[in-house]
Structure formats: C-alpha cells, structure tokens
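K.L.:
What shape does this take:
(one chain, ligands or ions: 1)
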Amino acid sequence: MDKNWISNWAVKALRKLKNPWPIKEAAWQVIKFLVACGKSHPLSFALRPIADNKYVRLVPGMILFLGILWWTTPLTLASGVGGQIGINLNLVPETILETKISTQLPVNNFVLTQGFSIIHSGYDMAVPIGTRVRPVMSGVVKEAERNWHGYGNMILVDHKNGYESRYGHLSQIWVQAGQEVDLGTTLGLSGSTGRSTGPHLHLEIIENGRVVSPKTVLGI
Ligand SMILES: [Zn+2]
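P.N.:
From the prediction side, this is the model:
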C-alpha cells in the first residue's frame, strides 16, 4: 500500500470538494428525499412505517384515549355500570314518573357546576361541606361505603321502581345498607372526599342499570 495513501486521499477529497459536483449530488439527494416524502415533513415520512403499524399505533392511541377519558371524567369510568359511556346524551325522552312517586332535590341552595354529558355521569351540585343530603325518592340503601374508589364516601339508594340514585364525595354517612329511607331522611353530609376538585355532591341517577341524566327524575 502506498505510504502516502492518507495524504493522497486527502488531496483527492479536497479536489472533489473544489469541484461543485458533490454539492450538486448532495442537493439532488435531498430533493429526491423530499419528493419521496410525499411533500410531507421528512420526520413524519421517516416515522411513517412505524406509525402505519396498527399495533404500534393502537397502544399509544389507547393509552392517550384512556388517559384523556380518565382526566376529563372523574367518575364516568368509576361508576361501575358497564356500557354507559356515550349512550345517554339527553336523547332519551324524559320518563314520566308516576305522580304518586314524590321526588325531591337532594340538597338545597346548590350551584350546578357540571351537568350530565357524555363525559360526566351525573350532576355536580356545589354546596358547602356539611350540607344535609337527602334521597331524591324514598327507597332502601343498597350501598353505603366509605372512601369508595373515585366517589369517596358514597351512598347508593334503590328506589324499587327501576331507579337507583348515587351520592358521592360525602363527608359523613348517616345510613347503612339495608336501611329504609324516605324524603325526610338525611343520608349524610356533603363533602369533598374521593376524586373531587371541591366541595360538591355528585348525584347519579341509574335507570334499569344504566346511568341517565338526573333530569329524568328531578326535572331540572
Ligand atoms: Zn361529578
């Protein structure tokens, strides 16, 4: 091998650099690449084979979707009633309750801070901590649990007419499972337990196992 192969190579390389051809060639390669990118960003072109793989796409997509859902709907997922998400968009005609069944608002002097929607399974009724919470109809306490996931201290009342009502984020529970309650009963005191951003009552109405808008029962 030529002892001076390094310097010879350097000289050749320098000559090539002086010649505009390599620069032209490089520019041409860049243009070819950009054309191949389909007029899209080179990075997205480079990542396209990865993004096009449906499994690769599915996993982060699902994580993102569930993450957004979790953050935006503190209780929709936690309510434990399957298949309710996105079903009730206030499109269900209001059920006319028998006039002999009396209903009432669970709390007085509240501010409705979040309504029923595709991302929220009930009404958020802002009231000071310690406000008495009453059942919307008479019935029997089905569940009265402390620090239940998401809902915090939570009471579920079965009204024995196809309807159930759930009261979440309570500070105190005054009833127990199996107890009969009527419109005069205090179920407990409002609070901010569980996944709650401030003092309020989370009210859910369940019609034949499916969450519906509380408007169905309360008319508001
Ligand atoms: Zn809520």
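K.L.:
Could you use CA atoms for every contact and neighbour count after this?
P.N.:
Will do.
K.L.:
Dump the helix or strand containing residue 10 to CSV, restricted to CA.
P.N.:
Here residue 10 is covered by helix 5-18, with elements defined by DSSP states H and E. Output in CSV follows, covering the C-alpha atoms of helix 5-18 (Å, rounded to 0.1, in the frame of the first residue of the first chain):
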residue,chain,number,x,y,z
TRP,A,5,-2.3,6.9,0.9
ILE,A,6,-3.7,9.2,3.5
SER,A,7,-2.4,12.4,2.0
ASN,A,8,-3.3,11.2,-1.4
TRP,A,9,-6.8,10.5,-0.2
ALA,A,10,-6.9,14.0,1.3
VAL,A,11,-5.8,15.6,-1.8
LYS,A,12,-8.4,13.7,-3.8
ALA,A,13,-11.0,14.7,-1.3
LEU,A,14,-10.0,18.3,-1.4
ARG,A,15,-10.1,18.3,-5.2
LYS,A,16,-13.6,16.8,-5.1
LEU,A,17,-14.8,19.4,-2.7
LYS,A,18,-13.5,22.1,-5.0
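K.L.:
where do the strands sit along this structure?
P.N.:
For the chain, the strands defined by DSSP state E cover 111-114, 123-126, 132-133, 139-148, 152-158, 163-170, 172-173, 180-181, 188-189, 201-207, 210-212.
K.L.:
For the ones you listed, please prepare TSV with the additional fields distance to residue 11.
P.N.:
Below are the strands of the chain laid out as TSV (distance: least, CA to CA, whole Å):
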stretch	distance to residue 11
strand 111-114	76
strand 123-126	79
strand 132-133	90
strand 139-148	78
strand 152-158	78
strand 163-170	80
strand 172-173	87
strand 180-181	97
strand 188-189	88
strand 201-207	80
strand 210-212	80
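K.L.:
Output the set of residues of this structure in proximity to the ion.
P.N.:
Residues of the chain lying close to the ion by CA under 5 Å from the ion are 124, 202.
K.L.:
For the chain, which element, helix or strand, carries the lowest mean pLDDT?
P.N.:
helix 42-52 (a mean of 64; mean pLDDT, DSSP states H and E).
K.L.:
can you redo the strands of the chain as TSV with mean neighbour count and mean pLDDT?
P.N.:
Formatted as TSV, those follow (neighbours: other CA atoms under 10 Å; pLDDT from 0 to 100):
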stretch	mean neighbour count	mean pLDDT
strand 111-114	12	96
strand 123-126	22	98
strand 132-133	21	98
strand 139-148	19	94
strand 152-158	25	98
strand 163-170	26	98
strand 172-173	19	98
strand 180-181	18	98
strand 188-189	22	98
strand 201-207	25	98
strand 210-212	23	97
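K.L.:
Between those strands, which one is closest to residue 30.
P.N.:
strand 111-114 (53.8 Å; CA to CA).
K.L.:
Which strands border that closest one, and is each parallel or antiparallel?
P.N.:
Sheet pairing for strand 111-114, assigned by DSSP bridges, gives strand 123-126 (antiparallel).
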